[in-house]
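>>> predicted model, plus sequence, below.
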Amino acid sequence: MGLEVSDKPVFDNREAAGEGWSIFDNGGGEAGPWTLSRIDAMDDPDLPDVLFDSDEAAWAFVRERADGGSAYHLGALRFLEEHNPIEYAAIMDDQVALQAARSAFEPGI
């Protein structure tokens, strides 16, 4: 068996999973290739006590931690800014950037 090499970018989700959120590879779905979402299955005892009612609540948590100086959470936002600017703009609630990112990925908008 050989070593598998991937050109896909990687985000280390270990800390995120401990907080109840993750950056998922959507494979280029409607929301873009990478999305920050809450972890839905929280019945595993190894998963965290922090639960989010929605993906938007997870976004707010990550945004607030990044604003508070967390290098890890800032890194998550930078990862999305580079690999899915639509998701990043939505998380940052930047309507101008969101429209520009959508236009770049969806001509005709």
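Arrived safely, thanks for sending.
>>> can you show me the strands along this structure?
Secondary structure of the chain (DSSP state E): strands at 21-29, 32-38.
>>> those: lowest mean pLDDT?
Lowest mean pLDDT within the strands of the chain: strand 21-29, at a mean of 85.
>>> hang on, the earlier thing: okay if I get the strands of the chain as a markdown table plus distance to residue 63?
Every C-beta, even on glycine, is put in place using the N, C-alpha and C of the backbone. Below are the strands of the chain laid out as a markdown table (distance: least, Cβ to Cβ, whole Å):
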| stretch | distance to residue 63 |
| --- | --- |
| strand 21-29 | 11 |
| strand 32-38 | 10 |
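>>> point out the most buried one among these.
By mean neighbour count, with neighbours taken as mean count of other Cβ atoms under 10 Å, strand 32-38 ranks first of these at a mean of 21.
>>> skip the chain neighbours and tell me the closest residue to residue 74.
Once flanking residues are discounted, residue 74 sits nearest to residue 66: 4.3 Å by Cβ to Cβ, 6 or more residues apart in numbering.
>>> which residues touch that neighbour?
73, 74, 76, 77 (Cβ atoms under 8 Å, 6 or more residues apart in numbering).
>>> and if we set it to 10 Å?
Counting by Cβ atoms under 10 Å, 6 or more residues apart in numbering, residue 66 touches 72, 73, 74, 75, 76, 77, 78, 91, 92.
>>> now swap in residue 55 and tell me
Contacts of residue 55 (Cβ under 10 Å, 6+ apart): 21, 31, 35, 36, 37, 38, 40, 87, 90, 91.
>>> okay, how far is it across stretch 17-34, tip to tip?
16 Å (Cα to Cα, to the nearest Å).
>>> can you tell me which helix or strand of this protein has the lowest average pLDDT?
Taking mean pLDDT, DSSP states H and E as the measure, the chain has helix 95-105 as its least confident helix or strand, at a mean of 64.
>>> how about the helices of the protein, start to end?
Using DSSP state H, the helices found in the chain span residues 14-19, 55-67, 71-83, 85-91, 95-105.
>>> now the third one: average pLDDT?
The reference is to helix 71-83. Rounded mean pLDDT across helix 71-83 is 95.
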